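In: Next come a sequence and a model predicted from it.
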Amino acid sequence: MLSKSVKVLWVLLLAATVAACATKVERIDTEEVRDLSGNWNDTDSRLVSEEMIRDVLSRPWLNRFVRDHGGKPPVVIVGEVRNLSHEHINVNTFIADMERALINSGNVEVVASSSERGEVRGERKDQDLHAREDTRKAMGQEIGADFMLKGTINTIVDAEGRKQVKFYQVDLTLISLADNRKVWVGQKKIKKFVDKRSLRL
Amino acid sequence: MYRARGWRAGGLCLGAILLLSGCASYSQRFDAVEAQLAAGNPSAALQALEKNHGNSRRDEVLYQLNRALLLRMQGEYRQSNQALEQAKRLIDELDAVSVSEQAGSLTVNDTLKSYIGSDFERALLHVYAALNYLQLGLPDEARVEILQLDVLLNLQADGEGKGYTEDAFARYLSGLVYEQLGEWSDAMIAYRRAYHDYRKYQEYFGVEPPRSLGLALLRMAEHLGLKEELREYRQAFAIAQWTPLPALRSEGEVVLIVGTGLAPSKREESTAILAPEVGVMVRVSLPRYETRPQPVGEVRLLTDAATADAELVEDIDAIAIKTLQEQMPAITARALARAVVKYRAAREAGKRDQGLGLLVNIAGFISEQADTRSWSTLPQRIYLARRFLPPGRHDVSVRLLGHGGQVLAQKQFTGVTIEAGQKVYLSWRWIPPDTRGGRRS
């Protein structure tokens, strides 16, 4: 009786140690969806930015602006995307995705955001002192943006026991800097059901 | 042949048990950390903690929690939050019931279970993370913690337990964060819940609803036009006059959070019973809280213009003791079940071989340990003071007074910059030089 229970205990303990010590690495495609914790991940960030960009570039505000301004593309600045969700989301990857797609589309020009500007201005000041005159960039030649893109990430979490429903809503707005008009509002919703395991080894 | 196998199994069992349970209990190993804290040396305390850590995954959550608070004491808010994030991830992972650990806790002792913190510790994890973010000047990130806290508290309120089902201080802090971000209705809801929970605190832990919460409720209720509630709070807090919210927009606010002392530590209490007819010794070990002396009578916030009293907002001593009391029936049941398992194992082994029986008995006896793990770097009490100040630079100091009115300690914050409509969070953790000689409960 004793040796049997001792054996069972040993097998369990052994299994626990063996399971814990092996590290396995496997490369996966960046497009592949793999949800681990149910939290906001790369897939969500990509899905949202792709959908938003497709939407923002296909709406009438763009053509209207180009028509009214003699073929000149609008200049956009990316403002703050506020994280009002339940998770510490890195909004930077998502902003970078948006910026890249906007610039690459060729229909919109993007200027450096307020956080990036500081460094650029510092460099210009430095050039003023140290660079050759014919390569020096003058101050006061920056392009003012026509529109600002800003937004929020919100979540609603409904939890009961080990089950959770997570609802993410990302809202982005394009605001005309000249007159505060909102020319485009984009929205993307993601809903997840997370059922946490109740047993482990 | 049979005999040799029996000995081998016994030896294996003994070896396993000695391997699994370190000799000193967790709280005893923590004494070195505590000594450094009492000497006012958090960085040495952190070194002591790291040295004692070992590589047990079962205590990893506790290690990260203690590390976080020691880092916070040194003003390393960012690193402190990294530790808290790690603790959070681990708790999430370890929250599932482990089959092997359950078997261990029913046959060897309770320390074989992974530590994931009791309800109040898990709530305070988010509270400290939020405070770290607030002190880093990142209110949006603090808001994330507040939202996570809300999910956690709502889940906890659904569970068992009567004394601590909600964390009033956590709700109060939530209100402060929402207020800072200008989300008035969310602030109102959080303050309202805090008031509700403080009334429960009053009953169970002797902590009254703070007056500063009363003022916040009055300002918010007035601003949102909730006339009925306004009347109720005016009566409940006996406050006749307050500055309305719009009038305060031109001023900034200092929020002072003072943690005093150390949370109670768990100690082991063992009873050994000899079953004479079979010659088997059985031990039952149970945890018990030992609180520390509480020398602080009053906490005062002194600004250039005036003095304000900080109020007690969380009595961790009382909460911890109540929590353990509620867990005690289950802990005792497991300890008794273990005693039966160990007794029967020794008796069975003894029937085959007396020496083996003795060995199994000794192994069972030694391995019986109470689970004395708890988040010991938490303060004993948390005090909070709020004070509105005009924009500009201010010198702020905090004074701790003993029960007889004598000054225990004082701290100066020079050149605190106040901006209109903003809150500045100041914090101080004071640990008395003598943490010993408290009472048992």
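Out: Yes, it's here. Residues are numbered from 1 along each chain as shown, chains lettered A, B, ... in the order given.
In: residue boundaries of the helices in the stretch 301-441 of chain B?
Out: B:316-352, B:354-367 (DSSP state H, counting those that start in this stretch).
In: Check the gap between the closest residue to B:D95 other than its chain neighbours and B:L356 for me.
Out: Leaving out its chain neighbours, the residue that sits closest to B:D95 by Cβ to Cβ, 6 or more residues apart in numbering or on different chains is B:I116, at 6.0 Å. Heads up, the C-betas are built off the backbone N, CA and C, glycines and all. For B:I116, the distance to B:L356 equals 37 Å [Cβ to Cβ, to the nearest Å].
In: These two: which has the busier surroundings?
Out: The neighbour count for B:I116 versus B:L356, taken as other Cβ atoms under 10 Å in any protein chain shown, is higher for B:L356 (23 against 18).
In: does the spatially most central residue of chain A belong to a helix or a strand, and which?
Out: Centroid-nearest residue in chain A: A:F94, 1.7 Å away (criterion: Cα atoms, centre = their mean). Per DSSP states H and E: A:F94 is located in helix A:91-105.
In: and the nearest residue to B:R67 once chain neighbours are set aside, how many neighbours does it have?
Out: Spatially, and ignoring its direct neighbours in sequence, B:R67 is nearest to B:A83 (4.6 Å; Cβ to Cβ, 6+ apart). Neighbourhood size, B:A83 [other Cβ under 10 Å]: 23.
In: Name all residues that make contact with B:A83.
Out: Contacts for B:A83 (Cβ atoms under 8 Å, 6 or more residues apart in numbering or on different chains) come out as B:64-65, B:67-68, B:71.
In: Check which helix or strand it maps to.
Out: For B:A83, the host element (DSSP H and E) is helix B:77-94.
In: how about that helix: buried residues?
Out: B:77, B:80-84, B:86-88, B:90-91, B:93-94 (16 or more other Cβ atoms under 10 Å in any protein chain shown).
In: Same question for stretch B:208-223.
Out: Result for stretch B:208-223 [16+ other Cβ under 10 Å]: buried residues B:209-210, B:212-223.
In: Using PDB, write out every CA atom in that stretch.
Out: This file holds the C-alpha atoms of stretch B:208-223, laid out as PDB (Å, rounded to 0.1, in the frame of the first residue of the first chain):
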ATOM      1  CA  GLU B 208     -13.800  54.400   9.100                       C
ATOM      2  CA  PRO B 209     -14.700  56.000   5.800                       C
ATOM      3  CA  PRO B 210     -12.100  58.700   5.400                       C
ATOM      4  CA  ARG B 211     -13.200  62.300   5.500                       C
ATOM      5  CA  SER B 212     -11.300  63.100   2.300                       C
ATOM      6  CA  LEU B 213     -13.500  60.500   0.600                       C
ATOM      7  CA  GLY B 214     -16.500  62.300   1.900                       C
ATOM      8  CA  LEU B 215     -15.300  65.600   0.400                       C
ATOM      9  CA  ALA B 216     -14.600  63.800  -2.900                       C
ATOM     10  CA  LEU B 217     -18.100  62.400  -2.900                       C
ATOM     11  CA  LEU B 218     -19.700  65.700  -2.100                       C
ATOM     12  CA  ARG B 219     -17.800  67.500  -4.900                       C
ATOM     13  CA  MET B 220     -18.600  64.800  -7.400                       C
ATOM     14  CA  ALA B 221     -22.200  64.400  -6.500                       C
ATOM     15  CA  GLU B 222     -22.700  68.200  -6.600                       C
ATOM     16  CA  HIS B 223     -20.900  68.400 -10.000                       C
END
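In: ok, and what's touching that stretch?
Out: B:172, B:175-176, B:179, B:184, B:187-188, B:191-192, B:194-195, B:198-199, B:201-202, B:229-230, B:233-234, B:236-237, B:239, B:242-246, B:248, B:311-313, B:384-386.
In: taking those one by one, which sit in strands?
Out: B:311-313, B:384-386 (DSSP state E).
In: can you pick the most crowded of those?
Out: B:V313 (26 neighbours).
In: Now do the helices in chain A.
Out: A:2-21, A:42-57, A:60-68, A:91-105, A:114-130 (DSSP state H).
In: Of those helices, which is nearest B:N132?
Out: helix A:91-105 (19.8 Å; Cβ to Cβ).
In: Can you report phi and psi for B:E268?
Out: phi -100, psi 140 (degrees, to the nearest 10).
In: What about it, how many residues nearby?
Out: 17.
In: same question, B:R143
Out: B:R143, neighbours per other Cβ under 10 Å, totals 25.
In: which element is it on?
Out: With DSSP H and E as criterion, B:R143 is part of helix B:139-158.
In: which parts of that helix are buried?
Out: For helix B:139-158, the neighbour count (16+ other Cβ under 10 Å) marks B:139, B:141-153, B:155-156 as buried.
In: wait, isn't A:L62 in contact with A:N107?
Out: Yes - counting by Cβ atoms under 8 Å, A:L62 does reach A:N107; the two are 6.0 Å apart.
In: These two - which one has more neighbours?
Out: Applying other Cβ under 10 Å to A:L62 and A:N107 shows that A:L62 carries more neighbours, namely 19 against 15.
In: any idea how far that one lies from A:S113?
Out: Counting by Cβ to Cβ - A:L62 and A:S113 are separated by 20 Å.
In: Tell me which residues touch residue 114, please.
Out: This is for chain A. A:77, A:79.
In: that's the wrong chain, I wanted chain B
Out: By Cβ under 8 Å, 6+ apart, B:S114 lies in contact with B:57-58, B:60-61, B:94, B:98, B:101.
In: just for chain B, where's the confidence low?
Out: Counting by pLDDT under 70, chain B shows low-confidence ranges at B:1-24, B:54-55, B:159-161, B:278, B:435-441.
In: B:V144 versus the residue nearest to B:D95, what's the distance?
Out: 21 Å.
In: what do you get for A:M148?
Out: A:M148 is 24 Å from B:V144, by Cβ to Cβ.
In: again, but for B:A190
Out: For B:A190, the distance to B:V144 - Cβ to Cβ - is 15 Å.
In: Around residue 110, how many other residues sit close by?
Out: You didn't pick a chain, so chain A it is. Neighbours around A:V110, by other Cβ under 10 Å: 17.
In: right idea, wrong chain: chain B
Out: With other Cβ under 10 Å as criterion, B:D110 counts 22.
In: For it, list the residues it contacts.
Out: B:331, B:334-335, B:369-371.
In: repeat that with 10 Å
Out: The neighbourhood of B:D110, defined by Cβ atoms under 10 Å, 6 or more residues apart in numbering or on different chains, consists of B:101, B:104, B:285-287, B:331, B:334-335, B:338, B:368-373.
In: Please flag which of those sit within strands.
Out: B:285-287.
In: pLDDT below threshold where in chain A?
Out: If you take pLDDT under 70 as the line, chain A has these spans: A:1-23.
In: what's A:I175 in contact with, if anything?
Out: A:79, A:147-150, A:181-185.
In: Buried ones among those residues?
Out: The buried subset of the contacts of A:I175 (16+ other Cβ under 10 Å) comprises A:79, A:147-149, A:183-184.
In: got these as JSON lines, with distance to chain B columns?
Out: Formatted as JSON lines, those follow (distance: Cβ to the nearest Cβ, whole Å):
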{"residue": "A:G79", "distance to chain B": "14"}
{"residue": "A:F147", "distance to chain B": "24"}
{"residue": "A:M148", "distance to chain B": "19"}
{"residue": "A:L149", "distance to chain B": "18"}
{"residue": "A:V183", "distance to chain B": "26"}
{"residue": "A:W184", "distance to chain B": "24"}
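In: returning to what we had before: now the residue nearest to B:R67: how far from B:L131?
Out: Taken as Cβ to Cβ, the span from B:A83 to B:L131 is 14 Å.
In: Would you mind grabbing the residues shared as contacts by these two?
Out: In contact with both B:A83 and B:L131: B:R72, using Cβ under 10 Å, 6+ apart.
In: Need the buried residues of helix B:77-94 in a markdown table (columns: distance to A:I175).
Out: Below are those laid out as a markdown table (distance: Cβ to Cβ, whole Å):
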| residue | distance to A:I175 |
| --- | --- |
| B:Y77 | 34 |
| B:S80 | 37 |
| B:N81 | 33 |
| B:Q82 | 36 |
| B:A83 | 40 |
| B:L84 | 36 |
| B:Q86 | 39 |
| B:A87 | 40 |
| B:K88 | 36 |
| B:L90 | 42 |
| B:I91 | 41 |
| B:E93 | 42 |
| B:L94 | 46 |
